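Asks: sequence plus the predicted model coming up.
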Amino acid sequence: MVCLGNICRSPLAEGILKSKVDTAKVLVESAGTGGWHVGQLPDIRSIEVARKFGIDITDQRGRKFSAYDFESYDHIFVMDNANYRDVIELANSDSEKQKVQLLLDEIFPGENVDVPDPYYGGNHGFEKVFQMIEEACEKIASRLS
Ligand code: 4NP
């Protein structure tokens, strides 16, 4: 699960997908294309909206997406089109590129829809983002189980 800062959207996506799959069988992690928040806790607004829906994401710390992640993961879900471009730039082959998908393609296939960046908005933005990610993760989890 990849976004820009790895403090707002992708930590929610990691926590939500982990809550829906058998984590002994499926490795779920998140990262940011930018490195400003490496080592930091998720944004307090993400922590709080996740907690409201019963998910604890306070064990997560920011990390930066790396080209090595293409080797470790079968699927790379990006939150928006800018993340898509940044991740694709690091791919070394067509098979690595094919691992990358917009998360909301799960619910709006082919429509190129972004998970909006809630960083500069209020708490309502985080709840909306939570719901979009939740719906997409439900689809992913149903395929994995
Ligand atoms: P995220 O949100 O990509 O959903 O984690 C952001 C968090 C921080 C920044 C940008 C987006 N930032 O510029 O620091």
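Replies: Received the coordinates, thanks.
Asks: can you tell me the element Ala50 falls in?
Replies: helix 44-52 (DSSP states H and E).
Asks: same question, Glu138
Replies: helix 123-144.
Asks: which residues touch that helix?
Replies: 8-9, 12-13, 16-17, 20-21, 26, 45-46, 48-50, 52-53, 75, 77, 103-104, 106-107, 115-116, 118 (C-beta atoms under 8 Å, 6 or more residues apart in numbering). Where you see a C-beta, it was placed from the backbone N, CA and C, and this is true even at glycine.
Asks: now the buried members of those.
Replies: Those of the contacts of helix 123-144 that meet the buried threshold are 8-9, 12-13, 16-17, 20-21, 45-46, 49-50, 77, 103-104, 106, 115, 118, by 16 or more other C-beta atoms under 10 Å.
Asks: about what we covered before: after the helix holding Ala50, next one along is what?
Replies: Later in the chain than helix 44-52, the nearest helix or strand by DSSP H and E is helix 69-72.
Asks: what residues sit buried inside that following helix?
Replies: Buried residues in helix 69-72, counting neighbours by 16+ other C-beta under 10 Å, are found at 69-70.
Asks: ok, stretch 19-28 next?
Replies: Those would be 19-21, 28, for stretch 19-28 by 16+ other C-beta under 10 Å.
Asks: how far does it stretch from start to finish?
Replies: 10 Å (C-alpha to C-alpha, to the nearest Å).
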